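Q: Sequence and predicted structure are below.
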Amino acid sequence: MLAEALGDSLRTSQLESLHHDLQNKIQILEFNKNVLEENLACQLRNIEAERELLNRREERLRAKTVEDDRENKLMMGLLLEESLEQIFKTEGAHPETERGWSCLGNKCASFGHLSSRDYWDLLFCFGVLVGAFAALHH
């Protein structure tokens with residue numbers, strides 16, 4: 001070093017001490033940087049795990065919503081069918097013997113005056129009305 005070459009032992013000693021201190025500080029900075037990077041990596045792993053949990057929750061929620069909607073539509077269809085049966089039911093009729101009766105389970109309705117095509121058209125129209133009503137109330 002220059003201080004050594006000039007024979008300045010005091011400054012040489014001070015420069016060596018400064019060099020040693022700088023080396024220590026550099027090591028401390030590198031250690032702190034490594035700790036920060038490891039902390040960041042750990043937190044990012046935690047965030048990713050939380051994201052995966054949230055994604056699974058979202059998928060389950062969406063699937064449940066689709067299933068609930070399917071059940072609601074099924075229920076609405078059953079209610080519509082029941083309403084149609086009540087509208088077209090004739091008191092005192094004998095479902096087993098009279099032509100034009102439709103039976104679903106233990107419920108029967110008279111559609112003798114409607115052709116099969118008209119009956120399904122009627123069901124379709126009611127379904128469209130129910131769908132429009134449901135869409136308005138969404």
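A: Noted; the coordinates are in hand. Numbers count the residues shown, from 1 in each chain.
Q: pLDDT on the longest helix along the chain, on average?
A: Identified as the longest helix of the chain according to DSSP state H is helix 9-88. Averaging the model's pLDDT scores along helix 9-88 yields 93.
Q: now for it, which elements pack on it?
A: helix 2-5, strand 101-104, strand 107-110, helix 116-136 (3 or more CB pairs under 8 Å, 6 or more residues apart in numbering; DSSP states H and E). All C-beta spots, glycine's among them, are computed from the backbone N, C-alpha and C.
Q: average pLDDT across the longest one?
A: So the one you mean is helix 116-136. Mean per-residue pLDDT for helix 116-136: 70.
Q: repeat for the second one
A: Averaging the model's pLDDT scores along strand 101-104 yields 50.
Q: So which bits of stretch 15-29 are buried?
A: By neighbour count with 16 or more other CB atoms under 10 Å, stretch 15-29 contains no buried residues.
Q: Next: stretch 76-88.
A: For stretch 76-88, by 16+ other CB under 10 Å, it's 76, 81, 84-85, 88.
Q: Then stretch 55-71?
A: Residues of stretch 55-71 include none that count as buried (16+ other CB under 10 Å).
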